[in-house]
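Chemist: just coords:
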């Protein structure tokens, strides 16, 4: 049972995370970070859930870090010096993004409203993104006196839309609406609000039939080979993965329908 989000198995093997702080536009607080850590630990050990979908309750996806929470802890040990802040706050927020990439399940973001700051980074860390026309993506870090590179944004965004567009978005902190996000490749598809969850499920359902290893190793090879030092290094990792999968027992069973009977 979680307090900051709702986790359900919306369809067999498909988990739905609904961020559930609608009064705060589902802003991230320290309790939410701890609850995500618990959920990620569980998902990493159990392959009953093959795919994850993340969305937000109410009119927003996620407004980023809860600034009220930051003000409330301003005089605490967390803000007493840079080392404490790095360890007690910054790295805890960053662990959310790393956790989304480390879990074996592909993650689909169903962006139903504003995805700002940490919510923007959370959407970037998902494998597939669908959004409504009224959804907005805001790298709001520079708008509040921080660096535009935050929670993986300087790594993930250029790999989705290129350096030139990423520079403009991170430096200006402007809103990117749903239709522009689709046009520049930030999201896979824009659909009406009432079709958002069904569209996310339409992406998830073909994946459910795939083996756990196929999903896990495909997610990992995409993560690692985007920065491969050479084609040869990329192929070496692919060779390793294919050899593992060849001996998993799935290959010969699944090719039978394609093999001509003698």
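Modeler: Yep, it's here. Just so you know, these numbers come straight off a predicted model, no measurement behind them. Numbers count the residues shown, from 1 in each chain.

Chemist: what about the strands in the protein?
Modeler: Assigned by DSSP state E, the chain shows strands spanning 5-11, 14-19, 51-56, 60-62, 107-111, 114-116, 128-131, 136-138, 175-177, 189-190.

Chemist: burial measure for residue 257, as a count.
Modeler: If you count neighbours by other CB atoms under 10 Å, residue 257 ends up with 6. All C-beta atoms are positioned from the backbone trio N, CA, C, and that covers glycine.

Chemist: correction: residue 68
Modeler: Residue 68, neighbours per other CB under 10 Å, totals 11.

Chemist: try residue 147
Modeler: Using other CB under 10 Å, residue 147 has 10 neighbouring residues.

Chemist: cool, residue 84 as well?
Modeler: 13.

Chemist: next one: the one 3 residues further on
Modeler: The burial count assigned to residue 87 is 11, neighbours taken as other CB under 10 Å.

Chemist: need the pLDDT of it.
Modeler: Note for residue 87: predicted pLDDT of 88.

Chemist: sorry, back to before: could you dump the strands of the chain into a markdown table with mean pLDDT added?
Modeler: Putting those into a markdown table (pLDDT from 0 to 100) gives the following:
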| stretch | mean pLDDT |
| --- | --- |
| strand 5-11 | 97 |
| strand 14-19 | 98 |
| strand 51-56 | 98 |
| strand 60-62 | 97 |
| strand 107-111 | 98 |
| strand 114-116 | 97 |
| strand 128-131 | 98 |
| strand 136-138 | 97 |
| strand 175-177 | 97 |
| strand 189-190 | 98 |
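
Chemist: can you redo these as a markdown table with distance to residue 95 and mean neighbour count?
Modeler: Converted to a markdown table, the strands of the chain look like this (distance: least, CB to CB, whole Å; neighbours: other CB atoms under 10 Å):
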| stretch | distance to residue 95 | mean neighbour count |
| --- | --- | --- |
| strand 5-11 | 16 | 15 |
| strand 14-19 | 16 | 22 |
| strand 51-56 | 16 | 25 |
| strand 60-62 | 16 | 28 |
| strand 107-111 | 15 | 27 |
| strand 114-116 | 19 | 28 |
| strand 128-131 | 21 | 26 |
| strand 136-138 | 22 | 22 |
| strand 175-177 | 26 | 18 |
| strand 189-190 | 29 | 19 |
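
Chemist: and the ones you listed as a markdown table, adding distance to residue 148?
Modeler: Shown next, in a markdown table, are the strands of the chain (distance: least, CB to CB, whole Å):
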| stretch | distance to residue 148 |
| --- | --- |
| strand 5-11 | 27 |
| strand 14-19 | 23 |
| strand 51-56 | 23 |
| strand 60-62 | 18 |
| strand 107-111 | 20 |
| strand 114-116 | 13 |
| strand 128-131 | 20 |
| strand 136-138 | 11 |
| strand 175-177 | 14 |
| strand 189-190 | 25 |
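
Chemist: cool, thanks, talk later.
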